[in-house]
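Q: Okay, sequence plus prediction incoming.
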Amino acid sequence: MSSPIRMKQLTFDHLVQSICSVHETFSAQATKAINISLTLRNWLIGMYIAEFELRGLDRAKYGKRLVDELTIKLEKYKVSACGRRQLYNYMTFYRAYPQIVRTVSAQFKQLLLPAIIPSGKVRTASAQLEIEPEKLLSHLSYSHLESLFEIEDSFKRVFYEHECIRGNWSVRELRRQIVTLYFERSGLSKNKKKLAALVAKKAEIDKPEFTIRDPYMFEFLGLRSKDVMGESHLEDALLDRLQEFLLELGHGFCFEARQKRIILDDEYAFVDLVFYHRVLKCHVLIELKTDEFKYEHVGQLNTYVSWYKKHAMTAGDNLPIGILLCTRKNHAKIEYALAGMDNKLFVKKYQLELPKKEEIQKFIEEQMK
């Protein structure tokens, strides 16, 4: 942050810069505060469940059904992000990071159970390399930590903690490095510094917009996905117009959802637009990419279509389809994703009832001008 501007130096440009600086400073501070609160909240939930399993007076009454019963009860009370999988994750988080207890401030000490109030330093298997819990909370989001506490080997986990903080990795980058075995590759590499430099050069660094769109964060704040998931003003505007355009075509589109959240392998994904087609009797999923066509876009859309095929189809529904729209200035590419359809007649029926590629392409290009 730049030094304060003296009144005699305050020009209009300085005024704009000063307001931007204040906004960025306090937005970052608010985001960090919310993230720390969310992380502590999840750790404390994990603490309560884990300790109840050990010492709860009526724990025998619930046994293995504890988490299922708890999920149902919390849903009635509208407690966010407390699904079955999430509650198990909170317990794992609590057990993997006992040192987090030291970050609970005096004003919240009453939330701790007496059995776990620290009397001294909490030791872990990798204590010598352990990062101070205050630093973990201030540098890593809960989504980062969720990827880390899934690693059972504490030494490996600490390695990724250090690398993630040092490189300011995004959650996606952290997961990519874990999946591509960076820890193992580093151990086998003869030139570890060169490998680290290559990783740092290609790494996706964390940015404020990544954190603010974290699904856990907006659930915690009680926000709708649409409020925070738009990737740009251009994309939001195009989706608004596209939604109106398809409804006005009269092809049988019935609007169902915007930024529809689905769960893929315990991670959230968001489908830009979801319609139900009353003539074809199927879901139509639309993904908009405000960049050039890439094959991974088709793969992503096909994944969404397959998810709908498995989880959203009901009796009488036909197979879902997806429409991928990729845009560049004065250009659009349209791709259809069909969920495993090998029936040519059926495909033909879809092509007759859906808007023609040229029709959508013309609309997109007009909006981009």
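A: That came through fine. Just so it is clear, the structure is predicted and the values come from calculations on it, not from any experiment.

Q: quick one: which helix or strand includes the closest residue to residue 10 other than its chain neighbours?
A: Spatially, and ignoring its direct neighbours in sequence, residue 10 is nearest to residue 18 (7.9 Å; CB to CB, 6 or more residues apart in numbering). Just so you know, the C-beta spots here come from the backbone N, C-alpha and C atoms, and that holds for glycine as well. Under the assignment given by DSSP states H and E, the secondary-structure element containing residue 18 is helix 12-55.

Q: on contacts alone, who are the packing partners of that helix?
A: For helix 12-55, the helices and strands in contact under the criterion 3 or more CB pairs under 8 Å, 6 or more residues apart in numbering; DSSP states H and E are helix 66-76, helix 84-96, helix 133-139, helix 142-149, helix 208-212, helix 215-220.

Q: mind giving me CSV with those and columns for mean neighbour count and mean pLDDT?
A: Conversion of the helices and strands packed on helix 12-55 to CSV gives the following (neighbours: other CB atoms under 10 Å; pLDDT from 0 to 100):
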stretch, mean neighbour count, mean pLDDT
helix 66-76, 14, 91
helix 84-96, 18, 92
helix 133-139, 17, 92
helix 142-149, 23, 92
helix 208-212, 15, 55
helix 215-220, 19, 65
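
Q: mind checking which of the ones you listed is nearest residue 178?
A: Relative to residue 178, the nearest member of those by CB to CB is helix 142-149, separated by 6.4 Å.

Q: What is the distance between that closest one and the centre of its chain?
A: Average the C-alpha atoms of helix 142-149, do the same for its chain, and the two points are 12 Å apart (CA atoms, centre = their mean, to the nearest Å).

Q: Next, the angle from the next helix or strand after it to helix 142-149.
A: Counting by DSSP H and E, the element after helix 142-149 in chain order, helix or strand, is helix 154-167. On the basis of axes from the mean of the first three to the mean of the last three CA atoms, to 10 degrees, helix 154-167 is oriented at 150 degrees to helix 142-149.

Q: Packing partners of helix 154-167?
A: Here helix 154-167 touches helix 133-139, helix 142-149, helix 171-179, helix 182-188, helix 192-202, going by 3+ CB pairs under 8 Å, 6+ apart.

Q: got JSON lines for those helices, with distance to residue 56 too?
A: Output for the helices and strands packed on helix 154-167, formatted as JSON lines (distance: least, CB to CB, whole Å):
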{"stretch": "helix 133-139", "distance to residue 56": "26"}
{"stretch": "helix 142-149", "distance to residue 56": "23"}
{"stretch": "helix 171-179", "distance to residue 56": "33"}
{"stretch": "helix 182-188", "distance to residue 56": "37"}
{"stretch": "helix 192-202", "distance to residue 56": "45"}
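
Q: With respect to residue 86, which of these lies nearest?
A: Counting by CB to CB, residue 86 lies closest to helix 142-149 out of these; the figure is 9.4 Å.

Q: counting contacts, what elements does that closest one pack onto?
A: Packing partners of helix 142-149 (3+ CB pairs under 8 Å, 6+ apart): helix 12-55, helix 84-96, helix 154-167, helix 171-179, helix 215-220.

Q: rank these by pLDDT, which is bottom?
A: The weakest mean pLDDT among the helices and strands packed on helix 142-149 belongs to helix 215-220, with a mean of 65.

Q: Among the helices and strands packed on helix 142-149, which comes closest to residue 323?
A: Smallest distance to residue 323 across those (CB to CB): 24.1 Å, for helix 215-220.

Q: What residues of stretch 273-284 count as buried?
A: Applying a neighbour-count criterion of 16 or more other CB atoms under 10 Å, the buried positions in stretch 273-284 are 273-277, 280, 282-284.

Q: Quick check: the gap between the residue lying closest to residue 42 once chain neighbours are set aside and residue 26.
A: The shortest distance from residue 42 to any residue other than its chain neighbours is 4.9 Å, reached at residue 90 (CB to CB, 6+ apart). In this structure, residue 90 lies at 30 Å from residue 26, with CB to CB, to the nearest Å as the measure.
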